[in-house]
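1. 3D, please:
(2 chains)
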Amino acid sequence: MRRLIGGFVLAGCVAAPAWAQDRVETPVFRAYVQFDRVGMSASQSFEAVLGKSSFMAVGGGIDVIDVWRRVFARVALSRMGGDGFRAFVANGEVVSLNVPIEVRMTAIEVAGGWRFVLRTLPKYTFYGGAGLLRFGYSEKSEFAAGEDNSGGFLGQVIFGGVEVPVWKRVVAGVEAQYRSVPNAIGDEAVSAAFQETNLGGAVLRVVIGIRK
Amino acid sequence: MVAAVFAGASVVTGLGAEPQRARQGAPPRDVAVPRRPAAPVAPKLRLTAERAQAFVDAAMRRLDYLPGEVIVKFRPFVSASRQQRALNALRGRPDVRDLEWHGSIAVARDRTQPNAHILAQQLSEQPEVAYAEPNYIGRVEPRSADRLLPIEGASGSLPRPAGAPNDVDYAAYQWNFSLLNMPAAWDIQPGARPDIIVAVVDTGITAAAGSQTFRIWTGSGFEDVSMSFTVNGDLPASRLVAARDFSFLDPGGPVLDMDGHGTHVSGTIGESTNNTALLAGMAYNARIMPIKVCNGYWEIMIARAQSGITGFAPGNVGGCLYSDMAEGIYYAANNGAKVMNISIGGPGSSTALRDALSYAVSQGVFVSISMGNDYLTTNEVSYPARYGQDIEGVMAVGAVGKTLSRAYYSSTGPHCEIAAPGGDGLVGGGADAGFVWQSTLFTPDQFPSMIRPRFDRYQKVGYQGTSMAAPHVAGLAALLAAQSPSISAANIERIIRATAQDLGAPGKDDSFGHGLIQPRTALFGHGIRR
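-> Here you go, the predicted model:
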């Protein structure tokens, strides 16, 4: 992740500065769908209950490009989840108790960032940014009697990516994110046993958007 | 003399039909001729008259071991001649060929020295011997004084809670299962599965119906008394597996409960449930492995009579020899048991028992052991319960009553790991009187005052004791084993501990251990967040 961020900083240094681009733009709206591969920070907890710690998420969003100079704003939503079995962690060993559980997660990003073009790669647009994240999380289990739970948690996201026009108004891009949703888990249950408290993680995103 | 008829009803019918056919001539060809039954084959007694008399001596002298007997374990690769050399250190110089082997341990006898502590000391000093110890006598809990005679309540007419089993006496008598919210636990894991085998190391469970004719002393002479045995209808033979007697009859003979304790304990673990009859059990689909390791009054009287010993034995005679217990534990561990219950306790520490328990856990067997009922007297440490805190996968269980307070008799100590309902008549009330009820032998039928005991009548009977608490933990372990087939014995203990409801002083304490078992919480497990 640090390497990724470093790459964007470096790219920003060799890009033409926004004030030098001397363009007057009006805000442009762009809608897109996104396909995420999400690796959870609380990997042991998710592995124990769902048998996996990375998920496919599908979602979409709207970017408002050139809000001011090269600044853009974004609102995006994605959903993911998995089914597994409730478990017990005994001395670090996971004992599955074969009681079905369903976990659903929803991430809403409100973010902003900076877009730029490298002189050497004029066809590509690079961008980076940061924002707030509202992370919805729910657990539903068979035989539950009050143990089902859901809640929303605030976190942060930083991201960077690159996009390229592929056909007429259609653009495609890839993006990397790092999310942090602290203190969302870890008070009890499996996450407490593993002392994992963060519902964030790393995201690799493929974006397909339509420009106005 | 021991004569036995252990046969089905068809053979008994044949006995009556044979003379009639003889009077009427040859039977028609299409009528099957019942064959004359073979002469009854008497099962050989494993309990010798000599040992039975030693039990009597122990009872009369209030010894907690069998006089003149010692458990010995020789070091590996010690030849028979070197074993004999070690045995020669004893005054009676017992012959190595007379050693009674129980797996890797042996019982040596020297009746010239009744003090088993001296025998053990003398043998321990021999270089061929790994350890030697008295053959202690464990006692089943509860003691007979704690038992409650059957009370016929207004069963079957009381409203049953929604979701509860339809066994007619469940609602009125099994407060213990309501206390543990068992219906909610059964929603998750309905009574385990037949491949989950729970060994009950105890007084046995009658595994086959029939009658036995035993010679016993009746006060004026010896009499051959036919004693009837019946399988508990609420724990039928189809639910029993690999039954084995290590104390009374030789292997191959039937396993007979002549006390009722083993049947009661087994009922809490797995009495048939939701069958509109009598009472419920926790793991009602699991199978029970009856391991008989205890001899009571009637076994002792029968064995004495074989050698013509007159007179009555004391009413409190008998017990469970550590050597038999150790052998039973090894047998259960080697024959598919996943869970074991030992509602037996004795005052003597034993390397043999400790080794047996460690072996059982290494084979994946979880073991639940009663803490003992001596709080009001000595509150002494009871074995093998003491080993629970040292071996993960073995738990020592204390008892609580209906009010969740420690049962008045329940022994305490730092080795207490968990608590479960054991009954407490002092805080009773209602039809159940605060006791734990299961169907077992009708208690008065086996009183020592009886001339002709019988073992073929079952009724709901209330007991109290840590003996009754331990099978609740064994039942929960069976449910966990069914829910998570690859679970280890140590992890069963960890889950039971971690999900217990803390009672008494915060955290683990000497009365309740980690607290009261919570079957539903244990079976439900955890999600990621909650």
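2. how many other residues sit next to residue B:231?
-> 21 (other CB atoms under 10 Å in any protein chain shown). To be clear about C-beta, it is placed using only N, CA and C from the backbone, and glycine gets the same treatment.
3. how about it, secondary structure?
-> coil (DSSP: H, G, I helix; E, B strand; the rest coil).
4. residue contacts, it?
-> B:206, B:207, B:208, B:209, B:237, B:240 (CB atoms under 8 Å, 6 or more residues apart in numbering or on different chains).
5. Run through the bridge partners of the residue lying closest to residue A:54 once chain neighbours are set aside.
-> In space, and not counting its chain neighbours, residue A:54 is closest to residue A:39: 4.5 Å by CB to CB, 6 or more residues apart in numbering or on different chains. Here residue A:39 sits in beta bridges with residue A:54, residue A:202, going by DSSP bridges.
6. need the contact list for residue A:39.
-> So residue A:39 contacts A:53, A:54, A:201, A:202, A:203 (CB under 8 Å, 6+ apart).
7. Correct me if wrong: the last one contacts residue A:38.
-> Yes: with contact defined as CB atoms under 8 Å, residue A:203 reaches residue A:38; the gap is 5.0 Å.
8. who touches both of those two?
-> With CB under 8 Å, 6+ apart, residue A:203 and residue A:38 have common neighbours residue A:57.
9. re earlier: and the contacts of residue B:231, which of them are buried?
-> For the contacts of residue B:231, a burial check counting by 16 or more other CB atoms under 10 Å in any protein chain shown picks out B:206, B:207, B:208, B:209, B:240.
10. Which residues are in contact with the residue lying closest to residue B:167 once chain neighbours are set aside?
-> Ranked by CB to CB, 6+ apart and with sequence neighbours excluded, the top spatial neighbour of residue B:167 is residue B:280, at 4.9 Å. Residues near residue B:280 by CB under 8 Å, 6+ apart: B:165, B:167, B:170, B:174, B:177, B:182, B:271, B:273, B:274.
11. redo that, cut-off 6 Å
-> For residue B:280, the contact set (CB atoms under 6 Å, 6 or more residues apart in numbering or on different chains) comprises B:165, B:167, B:170, B:174, B:273.
12. swap in residue A:186?
-> Contacts of residue A:186 (CB under 6 Å, 6+ apart): A:192, A:196, A:197.
13. Specify the local secondary structure of the nearest residue to the last one once chain neighbours are set aside.
-> Here the nearest residue to residue A:197 in space, its sequence neighbours aside, is residue A:186; by CB to CB, 6+ apart that works out to 3.5 Å. Reduced to three states with three-state DSSP, the structure at residue A:186 is coil.
14. Okay, helices next: where are they in the chain?
-> Picked chain A for this. A:2-14, A:18-21, A:43-50, A:189-193 (DSSP state H).
15. wrong chain, I was asking about chain B
-> B:9-24, B:49-60, B:80-87, B:116-124, B:170-173, B:175-179, B:182-188, B:261-270, B:297-306, B:322-334, B:351-362, B:466-483, B:489-498, B:519-524.
16. Let me have those in CSV, extended by distance to residue A:154.
-> Output for the helices of chain B, formatted as CSV (distance: least, CB to CB, whole Å):
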stretch, distance to residue A:154
helix B:9-24, 76
helix B:49-60, 73
helix B:80-87, 75
helix B:116-124, 69
helix B:170-173, 50
helix B:175-179, 42
helix B:182-188, 35
helix B:261-270, 50
helix B:297-306, 72
helix B:322-334, 54
helix B:351-362, 47
helix B:466-483, 37
helix B:489-498, 31
helix B:519-524, 30
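17. Dump those helices to CSV, plus distance to residue B:385 and mean pLDDT.
-> Below are those laid out as CSV (distance: least, CB to CB, whole Å; pLDDT from 0 to 100):
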stretch, distance to residue B:385, mean pLDDT
helix B:9-24, 43, 28
helix B:49-60, 21, 95
helix B:80-87, 31, 97
helix B:116-124, 21, 97
helix B:170-173, 27, 89
helix B:175-179, 20, 96
helix B:182-188, 24, 95
helix B:261-270, 15, 97
helix B:297-306, 24, 95
helix B:322-334, 12, 97
helix B:351-362, 10, 98
helix B:466-483, 8, 98
helix B:489-498, 14, 98
helix B:519-524, 21, 97
